[in-house]
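> Please work out how this folds:
(one chain, ligands or ions: 2)
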Amino acid sequence: MSAKQSHEYDVLVIGSGLAGQSAALRLAESHRVALISKKTLSDSASSWAQGGIAAVLDPLDSIESHTDDTFTAGAGLCNPDATRYVVTHGKEAIEWLISKNVAFTPDGSTLGYHLTREGGHTHRRVIHVADATGAAVQKSLSDLVATHANIDVFENHIAIDLITSEKFGINPNRCVGAYVLDVGNDRVLTFAARSTILATGGAGKVYLYTTNPDIATGDGIAMAWRAGCRVANMEFIQFHPTCLFHPKAKSFLISEALRGEGGILRLADGTRFMPEHDSRAELAPRDIVARAIDFEMKRQGLECVFLDMSHQSASFLREHFPNIHARCMELGIDIETQPIPVVPAAHYTCGGIVTDLSARTDLAGLYAVGETASTGLHGANRLASNSLLECLVFAASATSDIKSSPPGAIMALPAWDESRVTDADEEVVIAHNWMELRRCMWDYVGIVRTTKRLERAAHRIELLKREIDEYYANFRVSNNLIELRNLVTTADLIVRSAQQRRESRGLHYSKDFPRTLPRALDTVLNSKR
Ligand code: FAD
Ligand code: SIN
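Ligands and ions are numbered 1, 2, ... in the order given. Below is the predicted model of the structure:
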């Protein structure tokens, strides 16, 4: 990319996962787009998605059924309008992907595509590309994005903060761009844009153990919060029940589709335990399965439990789960005959930046799409494979809103001010605080919470926040510092939300408030109050 210090675009898209790339492609039909990605185009949770995308495609399935399953998983907190909106647009979203050359796994059905099943779904409705759906989808979109004349891609560029007009005395307030660190050249660029889309993904890295890639540091949520947007339902962090437990496997997911195809969860002695916890057994929604595993591990002092796939034929496993089969085999686990050691790990951020059906945030000119947003679809617990669908549907609605709204002005923006900072003297502060934060969240704000643990976490996070803010004020920004600052903000939002919820619901389980209150209410935090 050019050596220019400042850039002007119709739309600035921050993030190159499914939300960001699909928005960029749709916009590029009529707008000049900058697509910023903090690593490479393919470094995203989207690229790691395994199971697939939930949508009503089978003629025997129905919008009502998918909607009801989403409501049930969401434990009474799903926004009915958002849920119906997403589910109704599911088929269209899949057709759009097929038009972009995504080759979903075929079969001999009338539909022509194999549909798998996952926890919480009462019907087979998850379309997929074997067990590496995200990689296939992202590859098809990246091929188009990288060569599109109207899209400029900026890899290894990390957004630091949004720029709002209010800071220059221009009201009504709107988002007019962002400051972005060009990591390779160690300089901060200014991006001015008529509209900005945050598509920065989730915040799994706030926990010590996670299925998420390293980019998942809650940057969009923290940036929007600092810019004055409301953030909702952050206490609902989804723990995936089955992350591979092996010293050499960092963050490798064992897809829920294995349980969808009959996988059985067992203790080390072979005992099946899920039927004791829920009548849906292994196919109960994720919050229930993860809590059951956590309960069994704590009760028996176990390091992990096991997922047994030995009822399926070798050919079925190799055809449907080639990547999981190969990765386990590399680590000496033959899933055809041996149970897979698994543990729960932080997987998905259900809450995020409050958005409406057009993906608009509280700040004019700023949209949020994908895992960074809180659309209301997931309620207190996301239904499996609804996330990729949400990315696609809201990328489409954001882009049609941008196309049909009067364009905002491009403002002349001041350059990033480095006059009061120097080079960092002690990088160890960042590494230490990063580790301390993630361990604190794992130990005190995990699958099962108590008032005392949340108080401990809040106290430590406050200290960390002060130290990190001071460091940020005095030293030049770096990739790690930007991420740590965002992680500590996100952790603070999670803990504050968890402290406000005086009940147990969906993914938020408190030993001190085990009951679910009759009325389901969102936890909405407002930085302006
Ligand atoms: P991401 O795909 O995470 O992309 C975020 C992008 O933002 C990245 O490009 C990142 O580099 C960039 N970024 C972040 N911060 C900045 C910044 N400050 N500056 C510049 N760029 C930035 N969901 C399903 O529906 N089905 C599945 O089968 C499924 N499987 C999953 C398997 C795994 C292992 C994981 C981790 C998740 C899975 N999920 C699945 C969830 C789903 O993948 C994610 O929720 C979804 O991909 C999020 O997409 P996104 O575009 O919002 O964010
Ligand atoms: C999985 O394949 O288990 C992940 C599906 C999801 O997170 O929706």
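
> Every contact and neighbour count from this point should use C-alpha atoms.
Will do.

> what's around Thr139, how many residues?
In this structure residue 139 is Lys, not Thr. By the criterion of other CA atoms under 10 Å, Lys139 has 16 neighbours.

> Quick check: closest non-adjacent residue to it.
Counting by CA to CA, 6 or more residues apart in numbering, Lys139 lies nearest to Ser42, which is 7.7 Å off, once chain neighbours are set aside.

> helix, strand or coil for that neighbour?
Three-state assignment for Ser42 (DSSP: H, G, I helix; E, B strand; the rest coil): coil.

> For ligand 2, see how far away it is.
According to CA to the nearest ligand atom, to the nearest Å, Ser42 stands 18 Å off from ligand 2.

> How many neighbouring residues does that residue have?
Considering only other CA under 10 Å, Ser42 is surrounded by 19 other residues.

> can you check the one 10 residues further on too?
Applying other CA under 10 Å, we find 31 other residues in the vicinity of Gly52.

> backbone phi and psi for Thr349, please?
phi -100, psi 100 (degrees, to the nearest 10).

> residues in contact with Glu483?
For Glu483, the contacting residues are Thr217, Gly218, Asp219, by CA atoms under 8 Å, 6 or more residues apart in numbering.

> Looking at the helix or strand harbouring Lys298 now, give me its mean pLDDT.
Per DSSP states H and E: Lys298 is located in helix 286-300. Helix 286-300 carries an average pLDDT of 93.

> Could you give the number of residues near Leu392?
Neighbour count for Leu392, taken as other CA under 10 Å: 27.

> Please report how far it lies from Ala19.
For Leu392, the distance to Ala19 equals 6 Å [CA to CA, to the nearest Å].

> Just give the number of residues close to the residue in the stretch 201-350 of the chain positioned nearest to ligand 1.
Distances between the stretch 201-350 of the chain and ligand 1 by CA to the nearest ligand atom are smallest at Gly201, namely 3.2 Å. For Gly201, the count of nearby residues is 34 (other CA under 10 Å).

> In which helix or strand does it reside?
Judged by DSSP H and E, Gly201 forms part of no helix or strand.

> which residues does it contact?
Gly15, Gly17, Ser44, Ala45, Ala216, Gly218, Gly220, Gly370, Glu371, Thr372.

> Let me know the pLDDT of it.
98.

> Adjacent strands (with direction) for the longest strand along the chain?
Ordering each strand of the chain by length in residues (DSSP state E) puts strand 187-198 first. Using DSSP bridges, the strands paired with strand 187-198 in its sheet are strand 6-14 (parallel), strand 175-182 (antiparallel), strand 366-368 (parallel).

> Tell me which of the ones you listed sits nearest to Arg318.
Among the strands paired with strand 187-198, strand 6-14 comes nearest to Arg318, with 36.8 Å by CA to CA.

> Return the set of buried residues in that closest one.
Ser6, Glu8, Tyr9, Asp10, Val11, Leu12, Val13, Ile14 (16 or more other CA atoms under 10 Å).

> what sits opposite the third one in the beta ladder?
In this structure, Tyr9 bridges to Ala193 when assessed by DSSP bridges.
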